[in-house]
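Asker: Sequence and predicted structure, then a few things I'm wondering about:
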There are 6 protein chains.
Amino acid sequence: MTDRLNAAFAVLSDLEEGAPERVKANLDAFHPDAAEVVLGFAFTDVLSRDGLDLRTREMLTVGMLAAIGTAPGQLEFHMRAALNTGVSREELSEIVLQVAVYAGVPACMNAISAARKAFEA
Amino acid sequence: MTDRLNAAFAVLSDLEEGAPERVKANLDAFHPDAAEVVLGFAFTDVLSRDGLDLRTREMLTVGMLAAIGTAPGQLEFHMRAALNTGVSREELSEIVLQVAVYAGVPACMNAISAARKAFEA
Amino acid sequence: MTDRLNAAFAVLSDLEEGAPERVKANLDAFHPDAAEVVLGFAFTDVLSRDGLDLRTREMLTVGMLAAIGTAPGQLEFHMRAALNTGVSREELSEIVLQVAVYAGVPACMNAISAARKAFEA
Amino acid sequence: MTDRLNAAFAVLSDLEEGAPERVKANLDAFHPDAAEVVLGFAFTDVLSRDGLDLRTREMLTVGMLAAIGTAPGQLEFHMRAALNTGVSREELSEIVLQVAVYAGVPACMNAISAARKAFEA
Amino acid sequence: MTDRLNAAFAVLSDLEEGAPERVKANLDAFHPDAAEVVLGFAFTDVLSRDGLDLRTREMLTVGMLAAIGTAPGQLEFHMRAALNTGVSREELSEIVLQVAVYAGVPACMNAISAARKAFEA
Amino acid sequence: MTDRLNAAFAVLSDLEEGAPERVKANLDAFHPDAAEVVLGFAFTDVLSRDGLDLRTREMLTVGMLAAIGTAPGQLEFHMRAALNTGVSREELSEIVLQVAVYAGVPACMNAISAARKAFEA
């Protein structure tokens, strides 16, 4: 594994214990370069940057994924990751309610479903 | 004006000086109930809630608007509002780069245009 | 319960018998304020307004949800609600075909799946 | 011109006087088949169908375009077309406010801008 | 069946053996005109046109569906159809990785799930 | 400049003469790392990969951007880039018509506007 990929997995491990192995297996089964290209960019090039801590970045990721609305499994994962990086349940709930303002009530309702699962995980 | 609407304008004034008058004139020219319905919900019912400070909420709003990508003028406004509520230029820049991960490079490029205008405002 | 929330549940009950209890349980399990914030806005502040009857509003909701495409469960609910508020199967079918024009064939195909389930409910 | 295209232009003329000539010139400048393929489908195959009158269809089109949010010029056109086919200003305003519920406040604000232009046209 | 519908089914059969029967049954169960309106437009009016071969069109369809992100079942179908019309697994994998650039990593991850299923079909 | 960034600019130069200077100036004015993070990923990590030639990749980019619909300036740029990498006007027109099927007529109409500008450039 390249240093860039190792750094990506270190971030992913901070998001959820066991996530690197699971995500790597999924990406490797698709294409041998996928982990490097996708995770190297997302987690090493961007999320590891200074200027915003991982906890704030996960709040933003939850807000963006809930607003976009096309990746419910990934939204649920990042809600768990937000909790794992120090976001409180109260803060996560406020993000979910704010989604109603900027992306509409259906997006908020979908985020509520994801939050309920993340809270029970 | 109702208390609910007054509370909404107080938030809006924290986002940008002079915004309440400008937004009210726009909404009133459309429909006499629009300010109450739209701003009462957005700013009084949701953004004024405890649990997240306005600075964090503006970071989230910028992330969501950049990810959705259909309201460039409002994205630029909330970038200025983010700066006005204590978000640093460095933090705003990091949000913009993170948009590339979750919403793609075109959304990031649009956010860069908005950020450049907000930085120059 | 506040008057605003009671009014919201009255609308929701017109959309589908038994819906208020089910929706309230879901929202309460997420956050004690969610029903008031989300349903108070959606059903009391907006859908209860004069100027459009509930039947026409449900036609619009079906069209918007089908066009957005990210809330299949809510689309199916509002298709049943449309039928419950007096929209005919023929009218609902015409809305679904019109979705193909403005949101594309995949959105129309998704709406066809939702309509078939609503017709069989 | 084919019968299918003639029928499409008849609908388009009901939406706005002078629209057929303007739209035809735009599409012909792009590709000789574009008017037939695009307008034949939209206006003859779908919008001319029985089961929903043109006035109701235009309300739906406005709702869908406002919810999708990527075609501001076409949204403004269909707001004028809605008024031309018998939708009242009050009804159009209610559609715009309902957009806030299902697609979020930014989509509603964009629709307000379009409505103000359509009201002044 | 009309000639237009027969031509549509001929294209659909090239995309996947057995697809015409399955798609026709689904559409007929919804509305007797749906197959003609939807498939006649999609497959006869557009996809059968000269100027792009079906293999290239399927590559484009996969890219567009992955970017839009709201029709996972149809994305998986068109990935199988792409393979059936001569797109190689390597080419399909490259399209999936390119989705990360233009629509973001979550859209790419969804496309990876669809591709893995299509590869195993 | 890093090798990764040099490689990105080489691709960008193939898309349109003079684009590297213009894009670099825009990104540098926003943040000193933006060109490396965004272009290094898009053009070096992904678009330079084997398995799809640049001409096919530009066809896909045009299809995806037209389907997403939130970056009209970038769509117009990639239409010019498609022509510059060997896509014919006829092929580009067919992509635009296919957008109507998968993303709807409004997205197609927006793509027609972009194509007309690219053809005249």
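Answerer: Perfect, I can see it now.
Asker: give me every residue that touches the most centrally placed residue in chain A.
Answerer: The centre of chain A sits closest to A:His78, judged by CA atoms, centre = their mean, with a distance of 3.1 Å. Counting by CB atoms under 8 Å, 6 or more residues apart in numbering or on different chains, A:His78 touches A:15, A:58, A:61-62, A:65. Placement of C-beta: from N, CA and C, glycine included.
Asker: Mind giving me the PyMOL command for buried ones among these?
Answerer: Here is the PyMOL command that selects only those of the contacts of A:His78 that count as buried (16 or more other CB atoms under 10 Å in any protein chain shown):
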select buried, chain A and resi 15+58+61+62+65
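Asker: Who are the packing partners of the one helix or strand A:Ala25 maps to?
Answerer: Using DSSP states H and E, A:Ala25 sits within helix A:19-30. Other elements packing on helix A:19-30 under the criterion 3 or more CB pairs under 8 Å, 6 or more residues apart in numbering or on different chains; DSSP states H and E are helix A:3-15, helix E:105-120.
Asker: Next, format those helices as CSV and append mean pLDDT and distance to chain D.
Answerer: Formatted as CSV, those follow (pLDDT from 0 to 100; distance: least, CB to the nearest CB, whole Å):
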stretch, mean pLDDT, distance to chain D
helix A:3-15, 97, 27
helix E:105-120, 98, 16
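Asker: out of those helices, which comes closest to chain F?
Answerer: helix E:105-120 (9.3 Å; CB to the nearest CB).
Asker: Tell me if the closest one is near chain C.
Answerer: No: Helix E:105-120 is not in contact with chain C by CB under 8 Å from any CB of the partner chain; minimum separation 12.2 Å.
Asker: buried set for stretch A:110-121?
Answerer: Result for stretch A:110-121 [16+ other CB under 10 Å]: buried residues A:110-116, A:118.
Asker: which two in the residues you listed are spaced the farthest apart?
Answerer: Maximum pairwise distance among those (CB to CB): 12.8 Å, between A:Asn110 and A:Ala118.
Asker: tell me which parts of chain A are close to chain C?
Answerer: So far as CB under 8 Å from any CB goes, chain A lies against chain C at A:68-70, A:93, A:96-97, A:100, A:104-110, A:112, A:115-116.
Asker: One more pass at 10 Å, please.
Answerer: A:67-72, A:89-90, A:92-94, A:96-97, A:100-101, A:103-113, A:115-116, A:119-120 (CB under 10 Å from any CB of the partner chain).
Asker: ok so, going back, tell me which of the helices and strands packed on helix A:19-30 lies nearest to chain B.
Answerer: Chain B sits nearest to helix E:105-120 of all those, at 5.3 Å, using CB to the nearest CB.
Asker: who's in contact with A:Leu52?
Answerer: A:46, A:59-60, B:59, B:88, B:90-95, B:97-98 (CB atoms under 10 Å, 6 or more residues apart in numbering or on different chains).
Asker: And it, how far from B:Val87?
Answerer: 10 Å (CB to CB, to the nearest Å).
Asker: now A:Gly104
Answerer: 24 Å.
Asker: Tell me which of these two has more neighbours.
Answerer: A:Gly104 (30 against 18; other CB atoms under 10 Å in any protein chain shown).
Asker: mind checking pLDDT for that one?
Answerer: We have a pLDDT of 98 for A:Gly104.
Asker: A:Ala121 too?
Answerer: We have a pLDDT of 87 for A:Ala121.
Asker: Give the full set of residues in contact with the residue nearest to A:Arg89 when sequence neighbours are not counted.
Answerer: Distances taken as CB to CB, 6 or more residues apart in numbering or on different chains put A:Phe119 closest to A:Arg89, at 6.3 Å, once the chain neighbours are dropped. If you count contacts by CB under 10 Å, 6+ apart, A:Phe119 has them with A:79-80, A:83, A:89, A:92-93, C:29-30.
Asker: Likewise for A:Arg4?
Answerer: A:36, A:39-41, A:43-45, A:48.
Asker: The same query, at a cut-off of 7 Å, please.
Answerer: Counting by CB atoms under 7 Å, 6 or more residues apart in numbering or on different chains, A:Arg4 makes contact with A:36, A:40, A:44.
Asker: show me which of the residues you listed neighbour chain E.
Answerer: Filtering those for proximity to chain E by CB under 7 Å from any CB of the partner chain leaves nothing.
Asker: Reformat the residues you listed as TSV; add pLDDT and neighbour count.
Answerer: Formatted as TSV, the contacts of A:Arg4 follow (pLDDT from 0 to 100; neighbours: other CB atoms under 10 Å in any protein chain shown):
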residue	pLDDT	neighbour count
A:Glu36	97	18
A:Gly40	98	21
A:Thr44	98	21
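Asker: Out of the residues you listed, name the ones that lie in strands.
Answerer: Among those, none falls in strands (DSSP state E).
Asker: Include distance to A:Ala8 when you put those residues into a markdown table, please.
Answerer: Formatted as a markdown table, those follow (distance: CB to CB, whole Å):
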| residue | distance to A:Ala8 |
| --- | --- |
| A:Glu36 | 8 |
| A:Gly40 | 6 |
| A:Thr44 | 5 |
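Asker: one step back: leaving out the residues flanking it, which one is nearest to the residue nearest to the centre of chain A?
Answerer: Nearest non-adjacent residue to A:His78 (CB to CB, 6+ apart): A:Thr61, at 4.8 Å.
Asker: helices and strands around the helix or strand hosting that neighbour, which ones?
Answerer: Using DSSP H and E, A:Thr61 maps to helix A:54-68. If you count contacts as 3 or more CB pairs under 7 Å, 6 or more residues apart in numbering or on different chains; DSSP states H and E, helix A:54-68 packs onto helix A:72-84, helix A:89-103, helix A:105-120, helix B:54-68, helix B:89-103.
Asker: The shortest one to helix A:89-103, inter-axis angle?
Answerer: Spelled out, it's helix A:72-84. 140 degrees (axes from the mean of the first three to the mean of the last three CA atoms, to 10 degrees).
Asker: Keeping just the C-alphas, turn helix A:72-84 into PDB.
Answerer: C-alpha atoms of helix A:72-84 as PDB (Å, rounded to 0.1, in the frame of the first residue of the first chain):
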ATOM      1  CA  PRO A  72     -28.700   6.800   2.200                       C
ATOM      2  CA  GLY A  73     -26.200   4.100   3.300                       C
ATOM      3  CA  GLN A  74     -23.300   6.600   3.200                       C
ATOM      4  CA  LEU A  75     -25.400   9.100   5.100                       C
ATOM      5  CA  GLU A  76     -26.000   6.600   7.800                       C
ATOM      6  CA  PHE A  77     -22.300   5.700   7.900                       C
ATOM      7  CA  HIS A  78     -21.300   9.400   8.300                       C
ATOM      8  CA  MET A  79     -23.800   9.900  11.000                       C
ATOM      9  CA  ARG A  80     -22.200   7.100  13.000                       C
ATOM     10  CA  ALA A  81     -18.800   8.600  12.100                       C
ATOM     11  CA  ALA A  82     -19.900  12.000  13.300                       C
ATOM     12  CA  LEU A  83     -20.900  10.500  16.600                       C
ATOM     13  CA  ASN A  84     -17.500   8.700  16.700                       C
END
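Asker: May I see the buried residues of it?
Answerer: A:72, A:74-84.
Asker: Next: the last one.
Answerer: Within helix B:89-103, the residues scored as buried using 16+ other CB under 10 Å are B:91-103.
Asker: That helix vs helix F:54-68, what angle?
Answerer: Using the same axes, to 10 degrees, helix B:89-103 lies at 100 degrees relative to helix F:54-68.
Asker: what does helix B:89-103 rub up against?
Answerer: A:41-42, A:46, A:49, A:51-52, A:57, A:60-61, A:64-65, A:68, B:59, B:62-63, B:66-67, B:69, B:79, B:82-83, B:107-108, B:111-112, B:115, B:119, E:104-106, F:31, F:34, F:37-38.
Asker: same thing with the fourth one?
Answerer: Defining contact as CB under 7 Å, 6+ apart, one finds that helix B:54-68 is touched by A:59-60, A:63-64, A:67-68, A:95, A:98, A:102-103, B:14, B:47, B:71, B:74-75, B:78-79, B:81-82, B:85-87, B:91-92, B:95-96, B:99, B:102-103, B:107, B:111, D:106.
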